[in-house]
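Peer 1: Can you look at this prediction? I've put the sequence above it.
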Amino acid sequence: QVQLVESGGGLVHIGGSLKLSCAASGGTFTTYTMGWFRQAPGKEREFVAAVSWIADTTYYSDYANSFEGRFTVDRDSAKNTLDLQMRDLKPEDTAVYFCAAARLRNTYRASDYEYWGQGTQVTVSA
């Protein structure tokens, strides 16, 4: 049974940093795209970043424009983990952050992702 489990969420002050982690189990994810999405109250789920398999041990990282430079995604394909380092956090970053996995390469569409974690809450306050 495939499971994605996120951890690392919490309350952080404006300008602070937080690192989210996702651990995948129950399958082989080497060639999967693994990504992070987030959903704020009353808003659509939005793409944050993803790491796609290219070939052999080569992976490609991609970010939504609004996160590049503040967020860094890091994948350990041997451990089936995906981290999201977030810096300079703003109140608008408050959301539930989800880890997801897709067979399709380099996709930012939530509908392409077959597997999802339960999400972890990130709250940014003054």
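Peer 2: Perfect, I can see it now.
Peer 1: Which residues does the lowest-mean-pLDDT helix or strand in the chain contact?
Peer 2: Sorting the helices and strands of the chain by mean pLDDT, DSSP states H and E puts strand 58-63 at the bottom, at a mean of 92. With contacts defined as C-beta atoms under 8 Å, 6 or more residues apart in numbering, strand 58-63 is touched by 48-54, 71, 73, 75, 77, 106, 108. C-beta here means a position set from N, CA and C on the backbone, and glycine is covered the same way.
Peer 1: Show me what the residue sitting nearest the centre point of the chain bridges to in the sheet.
Peer 2: In the chain, the C-alpha nearest the mean C-alpha coordinate belongs to residue 36, at 2.0 Å (C-alpha atoms, centre = their mean). Residue 36 has these beta-bridge partners by DSSP bridges: residue 49, residue 99.
Peer 1: contacting residues for it?
Peer 2: The contact partners of residue 36, taken as C-beta under 8 Å, 6+ apart, are 20, 22, 48-50, 73, 82, 84, 97-100.
Peer 1: roughly how far apart are it and residue 114?
Peer 2: 16 Å (C-beta to C-beta, to the nearest Å).
Peer 1: and what of residue 95?
Peer 2: Separation of residue 95 from residue 114 (C-beta to C-beta): 22 Å.
Peer 1: Settle it for me: which of those two has more neighbours?
Peer 2: Neighbours were counted for residue 95 and for residue 114 using other C-beta atoms under 10 Å; residue 95 has more, 22 against 12.
Peer 1: so that one makes contact with residue 44?
Peer 2: No: using C-beta atoms under 8 Å, residue 95 is not in contact with residue 44, being 11.0 Å away.
Peer 1: quick one, strands of the chain?
Peer 2: With DSSP state E as the criterion, the chain has strands at 3-7, 10-13, 18-25, 33-39, 46-55, 58-63, 71-76, 81-86, 95-102, 115-116, 120-125.
Peer 1: The third one: which residues count as buried?
Peer 2: I take that to be strand 18-25. Neighbour counts using 16 or more other C-beta atoms under 10 Å place 18, 20-24 of strand 18-25 among the buried residues.
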